[in-house]
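Participant: requesting a structural model of the entry that follows:
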Amino acid sequence: MAKLYFRYGAMNCGKSTAIMQVSYNYFERGMKALIIKPAVDTKGDDKVVSRLGIDRKVDYLIKEDQNILDLMKDHLSKEDIHCLLVDEVQFLKARHIDQLLEVAVLLNVPVICYGLRTDFLMNGFEGSERLLLIAHSIEELKTICTCGRKATLNGRKVNGQYVFEGEQVAIDGENHVAYQSLCAACYLEHRGDIHEEK
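Facilitator: Predicted coordinates:
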């Protein structure tokens, strides 16, 4: 039986680069790995984009009302799939995550999901929360804060200033929004909870 994997990490930990590397590894061995991502993620339009300057067109953009299990059954009727890779999985709904589990278990196709665990307010994303509950395997992809400590949180900047209110979804690079991976101490300091001694 194939498994459902969740590989999560803070912003800029290399999730998009990793997904393209895994896709290439399958290609190199003569196997087919599909890449999907939520349509709500407009960064890169229909591509997975890495900070390293590489990108890859996704095979499907998943809309909110789509059934991923049905989509994969249809695709499998035309060609074999050896792996399903999911970028920005946090933006999917809980029902989509259940469908990804069904793809792994019922269709015997490994599903590897990449995404964030929490948003810029330290709240969970619906898709990530469901994955943390039902994934067969959970792995953290690590990165560092600007101070050098391990980064586990995501700070949102608008026009270069940290903000701690707003909608959960704001796409990196759009409307002057940028994200910074932060350790807990730096996050709380930027939020105003920690004041340095003078």
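Participant: low-confidence regions, this structure specifically.
Facilitator: Filtered on pLDDT under 70, the chain yields the residue ranges 171-174, 194-198.
Participant: can you pull the contacts of residue 118?
Facilitator: For residue 118, the contact set (C-beta atoms under 8 Å, 6 or more residues apart in numbering) comprises 124-125, 128, 153-154. Just so you know, the C-beta spots here come from the backbone N, C-alpha and C atoms, and that holds for glycine as well.
Participant: same thing but at 10 Å, please
Facilitator: Applying C-beta atoms under 10 Å, 6 or more residues apart in numbering, we find residue 118 in contact with 8, 10, 90, 124-125, 128-129, 152-154.
Participant: now swap in residue 170 and tell me
Facilitator: Contacts of residue 170 by C-beta under 10 Å, 6+ apart are 119-120, 156, 158, 163, 176-179.
Participant: tell me which two of these sit farthest apart.
Facilitator: Checked with C-beta to C-beta, the contacts of residue 170 reach their widest spread between 119 and 176, with 17.9 Å between them.
Participant: looking at those two, which is more packed in?
Facilitator: Shown here are residue 119 and residue 176; by other C-beta atoms under 10 Å, residue 119 has more neighbours (20 against 11).
Participant: quick one: the residue lying closest to that one once chain neighbours are set aside from residue 143, how far?
Facilitator: Spatially, and ignoring its direct neighbours in sequence, residue 119 is nearest to residue 168 (5.1 Å; C-beta to C-beta, 6 or more residues apart in numbering). Noted for residue 168: a distance of 21 Å to residue 143, by C-beta to C-beta, to the nearest Å.
Participant: give me phi/psi at the most centrally placed residue in the chain?
Facilitator: In the chain, the centroid-proximal residue (C-alpha atoms, centre = their mean) is residue 115; its distance is 1.9 Å. When read as degrees, to the nearest 10, the backbone of residue 115 gives phi 180, psi -170.
Participant: break down this protein into its helices, ranges please.
Facilitator: Ranges of helices within the chain are 15-28, 68-76, 94-107, 126-134, 184-191, based on DSSP state H.
Participant: returning to that earlier point: between residue 168 and residue 143, which is the more surrounded one?
Facilitator: Shown here are residue 168 and residue 143; by other C-beta under 10 Å, residue 143 has more neighbours (16 against 13).
Participant: identify the bridge partners of that one.
Facilitator: residue 151 (DSSP bridges).
Participant: any idea how far residue 13 is from it?
Facilitator: Following C-beta to C-beta, the distance that separates residue 143 from residue 13 is 4 Å.
Participant: tell me the contacts of the closest residue to residue 16 other than its chain neighbours?
Facilitator: Sequence neighbours aside, residue 50 is the residue nearest to residue 16 in space, at 4.4 Å (criterion: C-beta to C-beta, 6+ apart). Taking C-beta under 10 Å, 6+ apart as the criterion, residue 50 is in contact with 14-21, 44, 56.
Participant: try 8 Å
Facilitator: Neighbouring residues of residue 50 by C-beta under 8 Å, 6+ apart: 14, 16-17, 20.
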